[in-house]
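J.: Need coordinates for the below:
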Amino acid sequence: MKNKRFFITLLSAVLIVTSLTSCGKSFRDAAKKKGFRAGMSVGAGIFFDKSVSKIIKENSYVVVSENCMKWANLRPNKNFWNWNDIDQLVKYAQENNMDVKWHTLFWHRQNSPFVSSNWTREQALKMMDEHIETIMTRYKGKISEYDVVNEMFEEDGSFRKNVWYETIGPDYIEHALIKAHEVDPDTKLYLNEYNNECKGNRKADAMFNYVKQLKEKGVPIDGVGMQMHLDTSYNYNENAIRANIQRYAEIGIEISFSELDVRIPMDAIEAHEVVQENIYLSLYKLASEEPNVTSVITWGYTDKKSWIPAEFPGKGNALMYDKDSKPKKVYKDVLEYLRK
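T.: Just a heads-up that it's a prediction; the model follows:
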């Protein structure tokens, strides 16, 4: 009888520990169990702060640089490449079992001064190829996916007339994808955009139709990034987002919620916090339920360093960690869902 009581006590202790271990899964591990990678964008050198590094490691199986991979920072002039910040990020990710996403090879903003709309088509193609070859050869096998082109559409669904469109033509995107695949056929290639999440939206429909055409032509493309810079003041349509995700699944395209934040009016915080929580929960549930959603990446982690207040005056509190880098209720709610 005594031995029996000891066994029962021991078994109870084991069950309690097992339960606590299960409930104690980190955010990133809980998300992985749901079928997608959680991640964050990070600033240069931010992981050298131990408290910040702890947050990144608990929450991220994929990291993306906010700025150091963009032309203006990576190659400020034609003859100098600034690799240091990227090398440090790649090393950090490798040491902590994280993927690195490259953001971005081509964009209409944050370009170097020498990038010129006066180039001939041949000159622009040569520069594009040089950029792709130099980066993707250096980091071959170290970058899990690339945002090959970022923000290529206008709101009406027409192509954005960026420097590459003006010098090369609309086939610059196709050329970049083909060249990138040629240099590193094992990495995944994405096109990234904002306001492209809802089926029925002109930009979203234009992007889907374009990606579908690329697939039909055999152009290498693996995924589409839906940035998800959302606002609680605007209508959130889960059904339209789900329908959009599912039509991409039908043509074999992965989806990343690639730059997620949900801004709220600073003069009505309490009234909008519940809406914000519902949006975050909805998106993480969508990622769990739709198999082709492969990652959810927040654009930063703390409101203290968020880009939102500068870009959208009067708006803020867009992330799941507050200005003191403490997790908010929305973070805890999402984590509780992921752990189920």
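J.: neighbours of the residue nearest to Asp99 when sequence neighbours are not counted, just the number please.
T.: Spatial nearest neighbour of Asp99, excluding adjacent residues (CB to CB, 6 or more residues apart in numbering): Ser144 at 3.7 Å. Bear in mind the C-beta positions are built from the backbone N, C-alpha and C, glycine included. Other residues near Ser144 come to 19 when the count uses other CB atoms under 10 Å.
J.: Does Ser144 touch Val62 like I think?
T.: Yes - between Ser144 and Val62 there is a contact under CB atoms under 8 Å: 6.8 Å.
J.: hey, what's in contact with both of these two?
T.: Residues touching both Ser144 and Val62 (CB atoms under 8 Å, 6 or more residues apart in numbering) are Asp99, Val100, Lys101.
J.: Check the chain for its longest strand and report it.
T.: Counting residues, the longest strand in the chain under DSSP state E turns out to be strand 254-265.
J.: same for that one, what does it pack against?
T.: Contacts defined by 3 or more CB pairs under 8 Å, 6 or more residues apart in numbering; DSSP states H and E place strand 254-265 against strand 188-193, strand 223-226, strand 229-231, helix 238-250, helix 269-289, strand 293-298, strand 315-316.
J.: Would you mind finding the most buried of these?
T.: strand 223-226 (a mean of 26; mean count of other CB atoms under 10 Å).
J.: So for the chain, which residue is the most central one in space?
T.: By CA atoms, centre = their mean, the mean C-alpha position of the chain lies nearest to Ser258, the distance being 2.4 Å.
J.: For it, give me its contacts.
T.: Residues in contact with Ser258, defined by CB under 8 Å, 6+ apart, are Val64, Lys101, Asp147, Tyr190, Asn192, Gly225, Met226, Gln227, Met228, Ser295, Ile297.
J.: Go through these and name the one nearest Gly200.
T.: Met226 (14.3 Å; CB to CB).
J.: which non-adjacent residue is nearest the closest one?
T.: Nearest non-adjacent residue to Met226 (CB to CB, 6+ apart): Glu197, at 4.4 Å.
J.: Likewise for Glu254?
T.: Closest to Glu254 by CB to CB, 6+ apart is Gly223, at 3.6 Å.
J.: before we move on, what about Ile245?
T.: Glu290 (4.8 Å).
J.: Quick one, grab the pLDDT at that neighbour.
T.: In this model, Glu290 is scored at 98, pLDDT.
J.: How much space separates it from Lys161?
T.: Distance, Glu290 to Lys161, using CB to CB, to the nearest Å: 33 Å.
J.: What of Tyr236?
T.: 30 Å.
J.: okay, these two: which has more neighbours?
T.: Per other CB under 10 Å, whichever of Tyr236 and Lys161 has more neighbours is Tyr236, with 18 against 12.
J.: you'd agree that one is up against Met228?
T.: No - taking CB under 8 Å as the definition, Tyr236 is not a contact partner of Met228, at 10.4 Å.
J.: For Ser306, grab phi and psi.
T.: In terms of degrees, to the nearest 10, the main-chain angles of Ser306 are phi -70, psi 150.
J.: ok, it - contacts?
T.: Asp261, Trp299, Gly300, Gly316, Ala318, Leu319.
J.: same thing but 10 Å
T.: 261, 263, 298-300, 312, 315-319, 321, 323 (CB atoms under 10 Å, 6 or more residues apart in numbering).
J.: For the residues you listed, give me a markdown table that also has distance to Arg138.
T.: As requested, the contacts of Ser306 are arranged in a markdown table below (distance: CB to CB, whole Å):
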| residue | distance to Arg138 |
| --- | --- |
| Asp261 | 30 |
| Arg263 | 36 |
| Thr298 | 27 |
| Trp299 | 25 |
| Gly300 | 26 |
| Phe312 | 36 |
| Lys315 | 38 |
| Gly316 | 37 |
| Asn317 | 38 |
| Ala318 | 33 |
| Leu319 | 31 |
| Tyr321 | 32 |
| Lys323 | 37 |
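J.: ok, so of those, who is nearest Met128?
T.: Checking the contacts of Ser306 one by one against Met128 (CB to CB), the nearest turns out to be Trp299, at 26.2 Å.
J.: nearest spatial neighbour of the closest one, skipping sequence neighbours?
T.: Among residues not flanking Trp299 along the chain, Glu259 sits closest, at 4.2 Å (CB to CB, 6+ apart).
J.: can you check Leu283 too?
T.: With sequence-adjacent residues excluded and distances taken as CB to CB, 6+ apart, Leu283 is closest to Phe257, at 5.9 Å.
J.: Tell me how far the one you found lies from Val293.
T.: Counting by CB to CB, the gap from Phe257 to Val293 is 7 Å.
J.: Equivalent analysis for Lys70, please.
T.: From Lys70 to Val293 the distance is 25 Å (CB to CB).
J.: Likewise for Arg247?
T.: From Arg247 to Val293 the distance is 13 Å (CB to CB).
J.: can you pull the contacts of Leu319?
T.: Counting by CB under 10 Å, 6+ apart, Leu319 makes contact with 40, 260-263, 280, 298-306, 308, 328, 330-331.
J.: Any chance of a PyMOL selection covering the buried ones in those?
T.: With 16 or more other CB atoms under 10 Å as the burial test, the buried ones among those are selected in PyMOL as follows:
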select buried, resi 40+260+261+262+263+280+298+299+300+301+302+303+305+306+308+328+330+331
